[in-house]
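Chemist: need a structure here:
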Amino acid sequence: MTESLEAWNAPNRMLFGWGAVSELGSYVAELGGTRPFLVTDEGVLNAGVLDPVRESLSAAGLEYEVWSGVQPDPTDEVVHAAADAYAAADSDFMMGIGGGSSIDTAKAASVLATNDGHILTFEGGGNVPNPTPPTAYVPTTAGTGSEVGHWTIVTDSDTDVKEEIGDPHLLADLALVDPELTASAPAPVKAATGMDVLTHAIEAYVSINAQSPTSALALDSIETVGAHLPHAVEYRGGDREALTAMARASMQAGMAFNGAGLGAVHAISHQVGASFGVPHGLANAIILPYVMEYNLPQVPELMVDIAEALGEDVDRAKPAALEGRKAVAAVRRVGDAVRIPETLAETDAEQAATPRLAEQALDDGSLTGNPRTTDADDLERILERAFNGELAYVEED
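Modeler: Next comes the predicted model:
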């Protein structure tokens, strides 16, 4: 009997460190770029976060084009607009600068730069026939980890359903992570994106597709988020150690789920975000403890590991099913520390849509990694509990 094989993809090059963006221009030139196309959003542009990127490209003697039409949860229409602008600019190098939406838009537009058809025809895994142009992705939030992954998420403008496109061709030629670029993000953004990191790490750690390297990266990211997220959120632009730790955790968690996959949290949050505009990280943060509680009976030992990584005092002599509950409480504690709402009722999501959201989540590709088998009724119950705040394994102080 042949053992199951492990598969894991990573970017061609990764550059990490405070001030790393100053090296961007020389790397782009080395990779053959002469006229890079920068995909970003108005917030990044207006906040001046793009300035060091511009300076580095100019210092390398590169002309560049900036396109700032990215919208949260980018639709197929936004992606095609970016691709059309790339072609009109006669560019030869695609760059995504910003949060996950900017990087996802750049990834999807890079597909259209070398492949004919509507972007949603490439939905699924391994459906991109031609290599993309050279690419570099530079995150400005410690959150999605999209810069190191081979997946992009595009919302169908007709159905409001998020579709996943994955292919090794989408891996960056350069993933550049500069923690300094995350310093100016508002506290609520740092909180939500930081909890997104925690969600990626936890879902990768308990995934049925977990591998030894993905689990090691995931567990280290979990510990890092627990130790550093509150400091990264509270000290706007100041706590260099915390910001650096969170940027590294984001990158590592992105690599972890790129190999191990995700689970029910993302399957549900994709629907909540697409239907009601709830920011992705915030939706994940709220839903995470409810899904953990659901998954606990299937992976109690892994939940004990998570609890310990988050600083809980666990007793491994006791039944894992009991000690694993501390992981749920620990995640809620981290969320409370950065002022994450405890229920979906505190967002723009509508509880009446629960049956529809559950049915849509059942078809989401992220669900395939969830350790406990689910059906639409299970997902609906998780959603109802997330709306009503019915969390059993959190002890009141």
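Chemist: show the contacting residues for the residue most central in space within the chain.
Modeler: For the chain, the residue nearest the mean C-alpha position is Thr144 (2.4 Å; CA atoms, centre = their mean). By CB atoms under 8 Å, 6 or more residues apart in numbering, Thr144 lies in contact with 99-100, 103-104, 193, 196, 200, 250, 254, 280-281. C-beta coordinates here come from the backbone N, C-alpha and C atoms, glycine included.
Chemist: how near is it to Gly25?
Modeler: Look at Thr144 and Gly25: by CB to CB, to the nearest Å, they are 24 Å apart.
Chemist: can you check Ala175 too?
Modeler: 16 Å.
Chemist: of these two, who's got more company?
Modeler: Ala175 (27 against 22; other CB atoms under 10 Å).
Chemist: report the buried residues of the helix or strand harbouring Arg381.
Modeler: Element membership for Arg381 (DSSP states H and E) is helix 376-388. Buried residues in helix 376-388, counted by 16 or more other CB atoms under 10 Å: 378-387.
Chemist: give me the helices and strands touching the lengthiest helix in the chain, please.
Modeler: Longest helix in the chain, counting residues (DSSP state H): helix 212-234. Counting contacts by 3 or more CB pairs under 8 Å, 6 or more residues apart in numbering; DSSP states H and E, helix 212-234 packs against helix 187-206, helix 240-260, helix 300-309, helix 325-337.
Chemist: next, please give the residue ranges for the strands of the protein.
Modeler: 14-16, 36-39, 65-67, 93-98, 124-125, 135-139, 151-155, 162-166, 174-177 (DSSP state E).
Chemist: of all those strands, which one is nearest Tyr205?
Modeler: For Tyr205, the closest of these is strand 151-155, at 18.1 Å, according to CB to CB.
Chemist: tell me which residues of the closest one come out buried.
Modeler: Those would be 151-155, for strand 151-155 by 16+ other CB under 10 Å.
Chemist: could you measure from the nearest residue to Glu234 once chain neighbours are set aside over to Ala136?
Modeler: Closest residue in space to Glu234, ignoring its immediate chain neighbours: Ala187 at 7.1 Å, by CB to CB, 6 or more residues apart in numbering. Counting by CB to CB, the gap from Ala187 to Ala136 is 28 Å.
Chemist: looking at those two, which has the bigger crowd around it?
Modeler: Ala136 (28 against 14).
Chemist: give me the number of residues near the residue lying closest to that one once chain neighbours are set aside?
Modeler: Once flanking residues are discounted, Ala136 sits nearest to Leu174: 4.1 Å by CB to CB, 6+ apart. As a burial measure, Leu174 scores 24 neighbours (other CB under 10 Å).
Chemist: list the contacts for Leu174?
Modeler: Applying CB under 8 Å, 6+ apart, the residues near Leu174 are 11-15, 24, 27-28, 31, 135-137.
Chemist: how about Leu120?
Modeler: With the criterion set at CB under 8 Å, 6+ apart, Leu120 makes contact with 76, 154, 156, 163.
Chemist: try 10 Å
Modeler: 76, 79, 108, 154-159, 161, 163, 165 (CB atoms under 10 Å, 6 or more residues apart in numbering).
Chemist: give the ChimeraX command for selecting the buried subset of those residues.
Modeler: Here is the ChimeraX command that selects the buried residues among these (16+ other CB under 10 Å):
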select :76,79,108,154,155,156,161,163,165
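Chemist: give the contact list for the nearest residue to Ala113 once chain neighbours are set aside.
Modeler: Nearest non-adjacent residue to Ala113, counting by CB to CB, 6+ apart: Pro133, 5.3 Å away. Residues in contact with Pro133 (CB under 10 Å, 6+ apart) are 32-33, 36-37, 86, 91-94, 109-110, 113-114, 173.
Chemist: go again using 8 Å as the cut-off
Modeler: 91-94, 110, 113-114.
Chemist: can you read off the backbone torsions of it?
Modeler: phi -60, psi 170 (degrees, to the nearest 10).
Chemist: how far away is it from Thr244?
Modeler: From Pro133 to Thr244 the distance is 31 Å (CB to CB).
Chemist: do Thr152 as well
Modeler: 26 Å.
Chemist: quick check: Trp18 touching Glu180?
Modeler: Yes: the pair Trp18 / Glu180 is scored as a contact, 5.3 Å apart, by CB atoms under 8 Å.
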